[in-house]
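>>> Structure, please.
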Amino acid sequence: QKNESLGIIQRLTEERDALRKHVQVLESAHRQATGASMQEAQLAQQSNNNSLAAMGQCRMQLETIVAEQKEKMESFKSTITMLKGVADKCQADCREKNKRILEVEKTNIRLTRQLEKARSSSGHGAGLEGTVQSPSPGAGVDDKSQAMTIIEQEEIRAYRLKVKCSICQQNDKQVALQKCMHCFCRTCVNETMIQARNRKCPLCGQRFSESDIRTIHLLEVGE
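Numbers count the residues shown, from 1 in each chain. Got it, this is the predicted structure:
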C-alpha cells in the first residue's frame, strides 16, 4: 500500500507540474497576443494621425491656392474695370472731338458760301456804269470770314493730327499700349517695336509685351 500511495503521489505531482507548464505557456501566449494587439493598435493610431496631418496640410494648401486665385480674379476684375473706364473716356473724347470737327467743317462751309455770296455781290456792284463806288460794307466781313476760316482750318488740322499715329503721322491710331495707354498705328507697333525687339513705348519708355497691345476704334466724323 505504501508503494501504491507513493506512485499516486508521484503521478499527481507530475500532473501538477504539467498543468503549471501549460498555464505558463498559456500566459506567455496571452502576453504575446496582448502585446501584438497593442502594437497593432498603436500603429493604426499613428497611421490615422499621419493621415489626418496630411489631410490638414492638403486643406491648407488648397485654401492658399483658392485665396491666391481669388486675389488674381479681383485684380483681373479691377484691371478690366480700369480698361473699360479708359476705353469709355477715349470713346467720349473721340465723339466730342469728332462732333467739334463736324461743327467746324459745317461752319467752314457756311462761311465759305457767305464769302462767295459777298464776293459775287461786290463784283456785280463794280460792273455798274456811272455809279459812285463807296466802300463795300462786305469788305470787313470778308476779312473777318477769311480770318475765321483760317483759324477753323487750323483747329481741324490740329484735331486730325491728334488721331494720327505719333510715330509716322500718317496712319490713324489703331492700337493702345495697356501699360501707358499711348496710341499708335498697328504698322509702327509691329515694325518699329515688335519686329525690332524694342518693346519700349517711344513716348514714355515704358516696357510692354505683346499681350499689352489693345485694339482701339476711333469713330469717323459724322458717326
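>>> Tell me where the protein has strands.
Here the chain has its strands, by DSSP state E, at 175-177, 183-184, 213-215.
>>> quick one: strands adjacent to the second one?
The one in question is strand 183-184. Using DSSP bridges, the strands paired with strand 183-184 are strand 175-177 (antiparallel).
>>> same deal with the last one?
Using DSSP bridges, strand 213-215 pairs in its sheet with strand 175-177 (antiparallel).
>>> what residues does the strand it pairs with touch?
Residues outside strand 175-177 that contact it (C-beta atoms under 8 Å, 6 or more residues apart in numbering): 90, 182-186, 189, 201, 206, 208, 212-216. Backbone N, C-alpha and C define where each C-beta goes, glycine included.
>>> Tell me the one among those residues nearest to residue 58.
residue 212 (36.9 Å; C-beta to C-beta).
>>> need the contact list for the closest one.
By C-beta under 8 Å, 6+ apart, the contact list for residue 212 reads 177-179.
>>> Most neighbours among the residues you listed, please name it.
Greatest neighbour count in the contacts of residue 212, by other C-beta atoms under 10 Å, goes to residue 177: 23 neighbours.
>>> ok, for it, nearest residue in space, not its chain neighbours?
residue 208 (5.0 Å; C-beta to C-beta, 6 or more residues apart in numbering).
>>> I figured that neighbour was touching residue 179, is that so?
Yes: Residue 208 is within contact range of residue 179, at 4.9 Å (criterion: C-beta atoms under 8 Å).
>>> and for those two, which residues touch both?
Common neighbours of residue 208 and residue 179 (C-beta under 8 Å, 6+ apart) are residue 201.
>>> mind checking the longest helix of this structure?
helix 2-126 (DSSP state H).
>>> Closest one of the contacts of strand 175-177 to residue 63?
Nearest member of these to residue 63, counting by C-beta to C-beta, is residue 212, at 32.2 Å.
>>> Excluding chain neighbours, give the residue nearest to that closest one in space.
Using C-beta to C-beta, 6+ apart, the closest residue to residue 212 is residue 178 (4.1 Å).
>>> Could you count how many residues lie near residue 45?
Counted with other C-beta under 10 Å, residue 45 comes out at 10.
>>> Please tell me how far it sits from residue 51.
Distance of residue 45 to residue 51, given as C-beta to C-beta, to the nearest Å: 11 Å.
>>> got the contact list for residue 187?
Residue 187 neighbours (C-beta under 8 Å, 6+ apart): 168, 171.
>>> any idea how this protein splits into domains?
For the chain, the TED database gives the domain ranges 74-116, 164-215.
>>> of all those, which gets the most neighbours per residue?
Comparing these by mean neighbour count (mean count of other C-beta atoms under 10 Å), domain 164-215 comes out on top with a mean of 15.
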